[in-house]
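In: coordinates only, sequence not included:
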């Protein structure tokens, strides 16, 4: 590209990364990201679906193609979808903080007159309804905004992910209170801007402000979003050492980090600690535990978690059903996910966009091209709006089909020596893998590779184990 003078083209440079990537590779990846940024080229990494590799790439500053969605638009899509679900009231942060006994934000902002209180409340109400422009227009009518109005405006900027405007507004606000820092940390955590979160934590202490439970929870979320479980647990331990009450929220943030990084052992330990401390876990904690099994599609562990949450009398919601579906390996799981859907609907729970996306993943992995199109058709008929992940599934499905057609046209030739090409399960059903083995499709060729769960980097192979 440099020789052709095409170095600054807008298309990203895709780096297929093998499953045996090690910690040493992180150094090279970080350098590659820096060189790409200097050249004006965005560098993305295509991963084989292994959570521990994904975490290393994110820490190196690389965007991971297809491994989670970190854009502002994608996060707002997810937030809007969750807010539209029935039975999610207990996860509202307002109700959570009330149960924790954390003082209302007005406590930190100081005295306020009735007029400003009403104006600030109206701005935040508009922002809560995602009427961002109306909220900011209303703020612009205030000639001398006080702390409550300033907080309402920053609330609007951060909830709408207007990054540059939020930073500008934040930096121009003199004598910023702790809730202003919390808003910024919350926004940055959702887009994996971990270094900016760390800088804000340093800055607020330099301003003689002490983090509260909200600050710590948002920081744990930030580390969880980049798959840094150890940093999350360090924050968790700091809260404990300072005498903060450790509630369902703090355990939830820590378990969510374990779920994202695929750390089943640590997530299980946190659940045991909850039981020992007398903190009752809810469906969200078990969902995070199942999520820790989803990265390597460990269906056995996922179902064990499922059985345990039912044993405790918890009622799964559509997010929990989706997490269990995400544990299914794919090629042999089309019938299983259909059965899971039947069970879900028998409980009066309708499939959501999250569940439909898992149906698409499994249909594609199983080579069920017709079923893939039927799922899309059903979504359209039911008025289910496609989100970013849906479009990613569709793009990957089209790419997989093109790869298969290309291999057939080449007479089933292979770029990787003399190994036989992987055929779809629709054409020749394969027997189950031996215990302890996992598989995933290579994004470049569409072929499956295999590894032992106990030693992923040392056992990866193109040969299907017998």
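Out: That came through fine. Bear in mind that the values here come from a model prediction, so they are computed numbers and not experimental data.
In: how long is stretch 235-248 end to end?
Out: Chord length of stretch 235-248, first to last residue, is 15 Å (C-alpha to C-alpha, to the nearest Å).
In: Ignore what I typed, I meant stretch 318-334.
Out: 18 Å.
In: Help me confirm that residue 239 comes into contact with residue 247.
Out: No: contact criterion C-beta atoms under 8 Å: residue 239 and residue 247 do not qualify, at 10.3 Å. Heads up, the C-betas are built off the backbone N, CA and C, glycines and all.
In: Between those two, which has more neighbouring residues?
Out: More crowded of residue 239 and residue 247, by other C-beta atoms under 10 Å: residue 239, with 23 against 18.
In: helix or strand for the more buried one, which one?
Out: helix 229-241 (DSSP states H and E).
In: Give me the mean pLDDT for that helix.
Out: In this model, helix 229-241 has a mean pLDDT of 95.
In: Counting by contacts, list what the helix or strand following it packs against.
Out: Downstream of helix 229-241, the first helix or strand assigned by DSSP H and E is helix 248-261. Applying 3 or more C-beta pairs under 8 Å, 6 or more residues apart in numbering; DSSP states H and E, we find helix 248-261 packed against helix 51-59, helix 93-100, helix 213-225, helix 229-241, helix 264-277, helix 283-294.
In: okay, those in CSV with distance to residue 307 next?
Out: Below are those laid out as CSV (distance: least, C-beta to C-beta, whole Å):
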stretch, distance to residue 307
helix 51-59, 23
helix 93-100, 27
helix 213-225, 26
helix 229-241, 25
helix 264-277, 14
helix 283-294, 11
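In: Can you tell me which of these is nearest to residue 316?
Out: Residue 316 lies closest, by C-beta to C-beta, to one member of the helices and strands packed on helix 248-261: helix 283-294, at 6.4 Å.
In: Now do that closest one: which elements does it pack against?
Out: helix 248-261, helix 264-277, helix 299-311, helix 318-326.
In: That helix versus helix 248-261: what angle between them?
Out: 20 degrees (axes from the mean of the first three to the mean of the last three C-alpha atoms, to 10 degrees).
In: end to end, how far does stretch 313-320 reach?
Out: 14 Å.
In: What of stretch 322-334?
Out: End-to-end span of stretch 322-334 (C-alpha to C-alpha): 14 Å.
In: For that stretch, what does the pLDDT average out to?
Out: Rounded mean pLDDT across stretch 322-334 is 89.
In: If we go by neighbour counts, what in the helix holding residue 239 is buried?
Out: For helix 229-241, burial by neighbour count (16 or more other C-beta atoms under 10 Å) applies to 229, 231, 232, 233, 235, 236, 239.
In: Adding distance to residue 105, write those out as JSON lines.
Out: Converted to JSON lines, those look like this (distance: C-beta to C-beta, whole Å):
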{"residue": "229", "distance to residue 105": "30"}
{"residue": "231", "distance to residue 105": "26"}
{"residue": "232", "distance to residue 105": "25"}
{"residue": "233", "distance to residue 105": "28"}
{"residue": "235", "distance to residue 105": "21"}
{"residue": "236", "distance to residue 105": "24"}
{"residue": "239", "distance to residue 105": "20"}
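In: Give me the common contacts of residue 239 and residue 247.
Out: Shared contacts of residue 239 and residue 247, defined by C-beta atoms under 8 Å, 6 or more residues apart in numbering, are absent.
In: So in the chain, which helix runs the longest?
Out: Longest helix of the chain, by residue count under DSSP state H: helix 388-409.
In: Identify the residues contacting the nearest residue to residue 345 once chain neighbours are set aside.
Out: Distances taken as C-beta to C-beta, 6 or more residues apart in numbering put residue 351 closest to residue 345, at 7.4 Å, once the chain neighbours are dropped. Contacts for residue 351 (C-beta under 8 Å, 6+ apart) come out as 318, 341, 344, 345, 359, 384.
In: Go through those residues and say which is closest to residue 126.
Out: residue 384 (27.3 Å).
In: Any idea which of the helices and strands packed on helix 283-294 gets closest to residue 108?
Out: Of these, nearest to residue 108 by C-beta to C-beta is helix 248-261, at 18.3 Å.
In: the inter-axis angle of the closest one versus helix 213-225?
Out: Orientation of helix 248-261 against helix 213-225 (the same axes, to 10 degrees) gives an angle of 10 degrees.
In: residues touching the residue nearest to residue 434 when sequence neighbours are not counted, list them.
Out: Once flanking residues are discounted, residue 434 sits nearest to residue 465: 5.3 Å by C-beta to C-beta, 6+ apart. Under the criterion of C-beta under 8 Å, 6+ apart, the neighbours of residue 465 are 433, 434, 437, 450.
In: The third one: neighbour count?
Out: So that's residue 437. Counted with other C-beta under 10 Å, the neighbours of residue 437 add up to 16.
In: From residue 261, how far out is it?
Out: For residue 437, the distance to residue 261 (C-beta to C-beta, to the nearest Å) stands at 21 Å.
In: Grab the nearest non-local neighbour of residue 193.
Out: Residue 193 sits nearest to residue 222 (C-beta to C-beta, 6+ apart), 7.9 Å away.
In: any idea of the pLDDT on the one you found?
Out: 93.
In: Can you verify my assumption that it contacts residue 197?
Out: Yes: proximity of residue 222 to residue 197 meets the contact threshold set by C-beta under 8 Å, at 4.4 Å.
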